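Kindly generate the corresponding structure for this input.
(chains A and B)
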Amino acid sequence: MSDTASPSVQPDLAGAEPAPPARFDTLPLDPKLLRAVADSGYLTMTPIQAKAIPIVLQGRDVMGAAQTGTGKTAAFSIPLLQRMLKHENPSVSPARHPVRALVLAPTRELADQVAENVKKYAKHTNLRSVVVFGGVDMKPQTAALKAGVEVLIATPGRLLDHIEAKNCVLNQVEYVVLDEADRMLDIGFLPDLQRILSFLPKARQTLLFSATFSPEIKRLAQSYLQDPILVETARPNQTASTVEQRFISATDDDKRAIIKQILKERSIRQAIVFGNSKLGVARLARAFERDGLRTAALHGDKSQDERLKSLEAFKRGEMDVLVATDVAARGLDIADLPAVFNFDVPFNAEDYVHRIGRTGRAGASGLAVTLVTKSDARLIADIEKLIKREIVLDTFELENERPRFERRSREDAPDRQERQERYERPDRPLRATSPALRTPAPSADPFFNKPYEASSRDEPPAWEKAKAATPVKGLSSYIKPKKQVAALFGAKKPAAPAES
DNA sequence: AAAAAAC
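From the prediction side, this is the model:
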């Protein structure tokens, strides 16, 4: 109820009481940390920080769920640094300091980003931190580890390498953080994670943070925590209300043109386009590049050097579009990203929440467009269940129906030149420097069917209503068909309620 | 139907 009043103004740091947000300087923090926080320009805490920091300071285990972009990294790193400072033993030679805090993250880029934050908050202290991840030379990491660090940030594989090479000793770790904890605990990561945890003392403080926690993961997580406190802000798995979410029914052939048209008509400066596969992402990136968009690609088949370069170029604004797999779905903090497109609907509903969390960060507004084909119905239903919001598919009018090739024999296939002309001319150019993109967006929204209702999040979930009303299995109970969409999805008339 | 994380 509390946030229906000003949905467009108040970022969805929901759970926030109307009370003024607490300031960092009201916390019992070392002046060195307070100074670093102030240097970063932060004055007041976000809800997850206000709730989690005091509990972490008490030494309790925490499972923290909060929307993306609400400062989870600071929520664990600041109080952990405080605890490490408080128990610092200055008589020990720095070189002999063992690793005291370990932070694990599921992707290299995320580990790097967390490490940057930790460095920022620790800069006035003598606590040293280092980040280790794969795909880059081990030697500098080894040297840093041997010199001694108090805070180690890592991805699992490379950390195990260092453990086996005896480059680091983890038997005195006092604090462990699993960032994007639900991913770290999923089946692909679990064996490595268990192995790593087996090297750590049992008596320690453990913190798990993520935007999404499935019930199964919550249960599994219990076994790694001692008497944990669950810290939640708003509903878990929620998406920020500052993000306008659109779902557009599309065919595979039209997806790219739809994205380009939205970019142009909404004058969108920059966007991430998510695809489900590495190959698909690489192809799509090449296609956007041919279209004249400055495009970077980010996926696991690229070298780490290329990955870092792509991301940096995008962050510097030198790229219009970043096409990425789910390697970029979680945690990455790209300031003021205006839009996210799901070229493919993600396989896991949780990943939807994480993907669109790249936009609308820190209370900014954002647009998230998901392109939905006929075969995506099941996935859309999953998303609807997870985010507990009704999903309505919009139709989209392409301004220039793109010329299509008829199937031809190989001999009379168009040569490259002709192909270029027929394929590309209609909607070129689209680069950010083109006048088309500078034009202000039209006041009426010509290509979406209905205005976004931020307050719909407060209504009872549509899927529950639908489930109660119609025992229809599959899509029609989850996706409310509009007329064209109904045809596309072959939706039937809802059956009369059969049960009594 | 995939991706990520080590060499």
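
DNA strand B contacts on the stretch 251-400 of chain A?
Within the stretch 251-400 of chain A, the positions adjacent to DNA strand B are A:276-280, A:299-301, A:325-327, A:347-348, A:351, A:375, A:378-379 by Cβ under 7 Å from any atom of the strand. In short, each C-beta sits where N, CA and C put it, glycine included.

Which of those are buried, as a ChimeraX select command?
Of those, the buried ones go into a single ChimeraX selection, burial set by 16 or more other Cβ atoms under 10 Å:
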select /A:276,278,299,325,326,327,348,351,379
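
taking the residues of the stretch 251-400 of chain A next to DNA strand B one by one, which sit in helices?
A:Lys278, A:Leu279, A:Gly280, A:Asp351, A:Arg378, A:Leu379 (DSSP state H).

of those residues, closest to A:Ala38?
A:Asp351 (35.6 Å; Cβ to Cβ).

The closest one and A:Ala324 touch, don't they?
No - applying Cβ atoms under 8 Å as the test, A:Asp351 and A:Ala324 come out as separate, 11.8 Å apart.

which ones are touching A:Ile39?
Check again: residue A:39 is Asp, not Ile. A:Lys120, A:Lys123 (Cβ atoms under 8 Å, 6 or more residues apart in numbering).

I'd like the distance between it and A:Ala74.
Applying Cβ to Cβ, to the nearest Å, the value for A:Asp39 to A:Ala74 is 13 Å.

Domains of chain A: list them as residue ranges, please.
According to automatic domain parsing, chain A comprises the domains A:24-232, A:243-400+A:414-489.

will you turn the ones you listed into CSV that also has mean pLDDT?
Formatted as CSV, these follow (pLDDT from 0 to 100):
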stretch, mean pLDDT
domain A:24-232, 92
domain A:243-400+A:414-489, 74
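
what's the neighbour count on A:Ala377?
20 (other Cβ atoms under 10 Å).

One more: A:Ile163?
16.

what number of residues lie near A:Thr251?
Neighbour count for A:Thr251, taken as other Cβ under 10 Å: 11.

same check, this time on A:Ala271
Neighbours of A:Ala271 (other Cβ under 10 Å): 27.

Kindly report the same for A:Asp30.
17.

Ok, A:Gly331 next?
Counted by other Cβ under 10 Å, the residues lying close to A:Gly331 total 26.

What residues does it make contact with?
A:Thr68, A:Ala105, A:Thr107, A:Leu110, A:Gln113, A:Val114, A:Asp179, A:Glu180, A:His354.

Next, the contact list for the second one, please.
Under the criterion of Cβ under 8 Å, 6+ apart, the neighbours of A:Ala105 are A:Ala111, A:Val114, A:Ile153, A:Ala154, A:Thr155, A:Asp179, A:Glu180, A:Met184, A:Gly331.

just the last one next, same as before
Taking Cβ under 8 Å, 6+ apart as the contact definition, A:His354 lies against A:Thr68, A:Glu180, A:Ala211, A:Thr212, A:Asp326, A:Ala329, A:Arg330, A:Gly331.

cool, and the fifth one?
Going by Cβ under 8 Å, 6+ apart, A:Gln113 touches A:Thr73, A:Gly331, A:Leu332, A:Asp333.

That one is in what secondary structure piece?
helix A:108-121 (DSSP states H and E).

which parts of that helix are buried?
A:Arg108, A:Glu109, A:Leu110, A:Ala111, A:Asp112, A:Gln113, A:Val114, A:Ala115, A:Asn117, A:Val118, A:Lys119, A:Tyr121.

Look up the closest residue to A:Pro79, ignoring the ones flanking it.
A:Val56 (3.7 Å; Cβ to Cβ, 6 or more residues apart in numbering).

so the one you found touches A:Lys72, yeah?
No - A:Val56 is not in contact with A:Lys72 according to Cβ under 8 Å; the separation is 11.7 Å.

The helix holding A:Gln113 near DNA strand B at all?
Yes - residues of helix A:108-121 contacting DNA strand B under Cβ under 7 Å from any atom of the strand: A:Arg108, A:Glu109.

then that helix to CSV, C-alphas only?
Taking Å, rounded to 0.1, in the frame of the first residue of the first chain, the C-alpha atoms of helix A:108-121 are listed here in CSV:
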residue,chain,number,x,y,z
ARG,A,108,35.0,-13.0,-13.5
GLU,A,109,33.6,-9.6,-14.3
LEU,A,110,31.5,-9.6,-11.2
ALA,A,111,34.5,-10.7,-9.0
ASP,A,112,36.5,-7.8,-10.5
GLN,A,113,33.7,-5.3,-9.8
VAL,A,114,33.3,-6.5,-6.2
ALA,A,115,37.0,-6.2,-5.7
GLU,A,116,36.9,-2.6,-6.9
ASN,A,117,34.3,-1.8,-4.4
VAL,A,118,36.2,-3.5,-1.6
LYS,A,119,39.3,-1.6,-2.5
LYS,A,120,37.3,1.7,-2.5
TYR,A,121,35.9,1.1,1.0
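
Quick check: A:Pro54 touching A:Leu27?
Yes - here A:Pro54 lies in contact with A:Leu27, judged by Cβ under 8 Å, at a distance of 7.4 Å.

These two: who's more crowded?
With neighbours defined as other Cβ under 10 Å, A:Pro54 and A:Leu27 compare such that A:Leu27 has more, 20 against 15.

which one is that one nearest to, not counting chain neighbours?
Counting by Cβ to Cβ, 6+ apart, the residue nearest A:Leu27 is A:Ile53, at 6.2 Å.

thinking again about what came up before, nearest to A:Gln222 among the ones in helices among the residues of the stretch 251-400 of chain A next to DNA strand B?
A:Asp351 (23.3 Å).

which residues touch the closest one?
Applying Cβ under 8 Å, 6+ apart, we find A:Asp351 in contact with A:Asp326, A:Ala329.

Distance of A:Tyr175 relative to A:Asn167?
The gap separating A:Tyr175 from A:Asn167 is 20 Å, by Cβ to Cβ.

The two: who's more crowded?
The neighbour comparison of A:Tyr175 against A:Asn167 (other Cβ under 10 Å) goes to A:Tyr175, with 24 against 17.

Which residue, other than its chain neighbours, is closest to the more buried one?
Nearest to A:Tyr175 is A:Ala101, by Cβ to Cβ, 6+ apart, at 4.1 Å.

residues contacting that neighbour?
Residues near A:Ala101 by Cβ under 8 Å, 6+ apart: A:Leu80, A:Met84, A:Glu150, A:Val151, A:Leu152, A:Val173, A:Glu174, A:Tyr175, A:Val176, A:Val177.

Mind checking which of those land in helices?
Judged by DSSP H, the subset of the contacts of A:Ala101 located in helices is A:Leu80, A:Met84.

Mark which of the contacts of A:Ala101 are part of strands, please.
A:Val151, A:Leu152, A:Tyr175, A:Val176, A:Val177 (DSSP state E).

Confirm A:Ala257 sits in a strand?
No - going by DSSP: H, G, I helix; E, B strand; the rest coil, the assignment for A:Ala257 is helix, not a strand.

separation between it and A:Leu386?
According to Cβ to Cβ, A:Ala257 and A:Leu386 sit 29 Å apart.

try A:Pro79
Taken as Cβ to Cβ, the span from A:Pro79 to A:Leu386 is 30 Å.

Neighbour count for these two, which is higher?
Between A:Pro79 and A:Leu386, A:Pro79 has the larger neighbour count (other Cβ under 10 Å), namely 27 against 20.

contacting residues around that one?
Residues in contact with A:Pro79 (Cβ under 8 Å, 6+ apart) are A:Ala52, A:Ile53, A:Pro54, A:Val56, A:Leu57.

so can I have JSON lines of the contacts of A:Gly331 showing distance to A:Phe343?
Shown next, in JSON lines, are these (distance: Cβ to Cβ, whole Å):
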{"residue": "A:Thr68", "distance to A:Phe343": "20"}
{"residue": "A:Ala105", "distance to A:Phe343": "25"}
{"residue": "A:Thr107", "distance to A:Phe343": "20"}
{"residue": "A:Leu110", "distance to A:Phe343": "22"}
{"residue": "A:Gln113", "distance to A:Phe343": "24"}
{"residue": "A:Val114", "distance to A:Phe343": "28"}
{"residue": "A:Asp179", "distance to A:Phe343": "26"}
{"residue": "A:Glu180", "distance to A:Phe343": "22"}
{"residue": "A:His354", "distance to A:Phe343": "16"}
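
All set now, cheers.
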